[in-house]
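Participant: Here you go, sequence then predicted model.
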Amino acid sequence: MKEINYKRGQAVDVQEEFGVIEINKDKYIGKKPLVTPMWDSRGVFGGNLVGQSLLVAMKTCDPEFRPHSLHSSFVRAANPDDPITYEVEEISNGNNFCNRSVKALQNGEIVYYANISLTKKNSYKASLAKYEEYNTKFQQRAKERDVEEDIDDDDEEEVEKKPIKPFGFQTPLHNWFKKYDLKDLPVSNIESNMLCYFKFFPDFLQLNKSEYENDIPVAERKFAFLVRWGIDNEQGFHQPLVGVDSQFQYVGLGNISDSLLLNVILRVLRIEDVQLTDYHKTFFGVSLDHVLYIHDDDFDVTKWMGYGFKTIRFAHDRILVEGEIYNDEGVHVATVVQEGLLKFSGKEKGAKL
């Protein structure tokens, strides 16, 4: 029985691990079976299903389209012995948006399905560069015509041509990112069976470092950590990734987006410190659905990304989690909403609500 998926110190070709083979324009199959988080897990890691579905959706669109949202449900546990087959339905094809419905199947049964929307315009840097280029040309034309920058109201033609600067705002990073030097945080020695590596803040790992949370309602407590896909010679950890092109960045983002959330709920409830070994055995938990909004294409999953989250509701053994993912420059590039099924087996009695 295989206890680990990837041997540390060896490069991993993600296009071989998570790539797909086209059967026809509406059907694909994974090159390899997907892996489980741990050797004794009941099914395939959900983040890999998310990532591979995003890849399939991109392959059915023109190359300039990239995902901006995914709404999906985990139907049943996928096994690690057989590759996943994907059936794609083209919902719409527009000039700036297109939509795909993706079904993931094993042995003729649906194990996961996703509705994925893709767009051509999803880069703030590109929009800003376009604005600056147009604005420079506009001002130059104004000078050549001896027109002041503040154009008269009755000059409608020039007003219409003047470009509008891109506008936006975002959820700020957790204050832990300012409290600690991120370079000094240790890389966690948690066994990385999904190619995800983590750095944790002391306030996240230990309850005695965050006693201020006792005065904050559980649904308002915010948490954060750092995560990346693969790692390159940092603090003795080395597992470089090969083949992370523009499409496989999204495969990695899908992987990262589902990498930790349900495993640390006992910490959220202030029942115990974060367990970095055998954390998956402390209670039963599985993902029911997964929503991913991608706000910007400017990210690199092979660099340290910030991940902030909070748990906003628990009822009927179901927990709802909201999370934000930031690129290595602190830009909020993605949002996650996930509902999971949890069975605490009595451990919830120690929760600090």
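Facilitator: Yep, it's here.
Participant: low-confidence ranges in the stretch 51-200 of the chain?
Facilitator: Of all residues in the stretch 51-200 of the chain, those with pLDDT under 70 make up the ranges 146-161.
Participant: quick one, helices of it?
Facilitator: In the stretch 51-200 of the chain, helices defined by DSSP state H, counting those that start in this stretch lie at 124-144, 156-161, 176-179, listed in chain order.
Participant: With distance to R313 and mean neighbour count added, can I get those in CSV?
Facilitator: Yep, even glycine has a C-beta here, placed from its N, CA and C like the rest. CSV is the format used below for the helices of the stretch 51-200 of the chain (distance: least, Cβ to Cβ, whole Å; neighbours: other Cβ atoms under 10 Å):
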stretch, distance to R313, mean neighbour count
helix 124-144, 31, 13
helix 156-161, 47, 10
helix 176-179, 23, 14
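Participant: Between the ones you listed, which one is closest to F45.
Facilitator: With Cβ to Cβ as the measure, helix 176-179 is the member of the helices of the stretch 51-200 of the chain nearest F45 (26.4 Å).
Participant: what does stretch 13-24 rub up against?
Facilitator: Applying Cβ atoms under 8 Å, 6 or more residues apart in numbering, the set of residues contacting stretch 13-24 from outside is 28-32, 34, 48, 51-52, 55-56, 59, 86, 195, 241-245, 248, 251-252.
Participant: cool, and stretch 85-99?
Facilitator: Contacts to stretch 85-99, defined as Cβ under 8 Å, 6+ apart, come from residues 20, 26-30, 52-53, 56-57, 60-61, 65, 100-106, 115-121.
Participant: Name the residues that touch stretch 217-224?
Facilitator: 173-174, 176-177, 201, 204, 213, 264, 267-269, 306-313, 351-353.
Participant: Next step: these restricted to helices.
Facilitator: With helices identified by DSSP state H, the entries of these that belong to them are 176-177, 204, 267-268.
Participant: Reformat these into a markdown table and put distance to H290 next to each item.
Facilitator: Formatted as a markdown table, those follow (distance: Cβ to Cβ, whole Å):
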| residue | distance to H290 |
| --- | --- |
| W176 | 25 |
| F177 | 25 |
| F204 | 22 |
| R267 | 21 |
| V268 | 18 |
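Participant: Kindly indicate which of those residues lies nearest N189.
Facilitator: Minimum distance to N189 across the ones in helices among the contacts of stretch 217-224 is 15.6 Å, recorded for F204 (Cβ to Cβ).
Participant: What residues does the closest one make contact with?
Facilitator: The neighbourhood of F204, defined by Cβ under 8 Å, 6+ apart, consists of 176, 210, 223-225, 264, 267, 274.
Participant: And V102, by the same measure?
Facilitator: Contact criterion Cβ under 8 Å, 6+ apart gives 53, 56-57, 86-89, 113-116 as the residues in contact with V102.
Participant: Apply 7 Å and report the result again.
Facilitator: If a contact means Cβ atoms under 7 Å, 6 or more residues apart in numbering, then V102 has 53, 56-57, 86, 88, 113-114, 116 as its contacts.
Participant: same thing with A104?
Facilitator: Counting by Cβ under 7 Å, 6+ apart, A104 has contacts 49, 53, 84, 86, 110-113.
Participant: at 8 Å what do you get?
Facilitator: 49, 52-53, 78, 84-86, 110-114.
Participant: same check, this time on I325
Facilitator: The neighbours of I325, taking Cβ under 8 Å, 6+ apart as the test, are 253, 256-257, 299, 305-307, 332-336.
Participant: go again using 6 Å as the cut-off
Facilitator: With Cβ atoms under 6 Å, 6 or more residues apart in numbering as the criterion, the residues that contact I325 are 305, 307, 333-334.
Participant: Could I get the residues you listed in CSV, plus columns for distance to K183 and neighbour count?
Facilitator: Rendered in CSV, the data for those read as follows (distance: Cβ to Cβ, whole Å; neighbours: other Cβ atoms under 10 Å):
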residue, distance to K183, neighbour count
M305, 15, 23
Y307, 17, 22
V333, 21, 23
A334, 23, 24
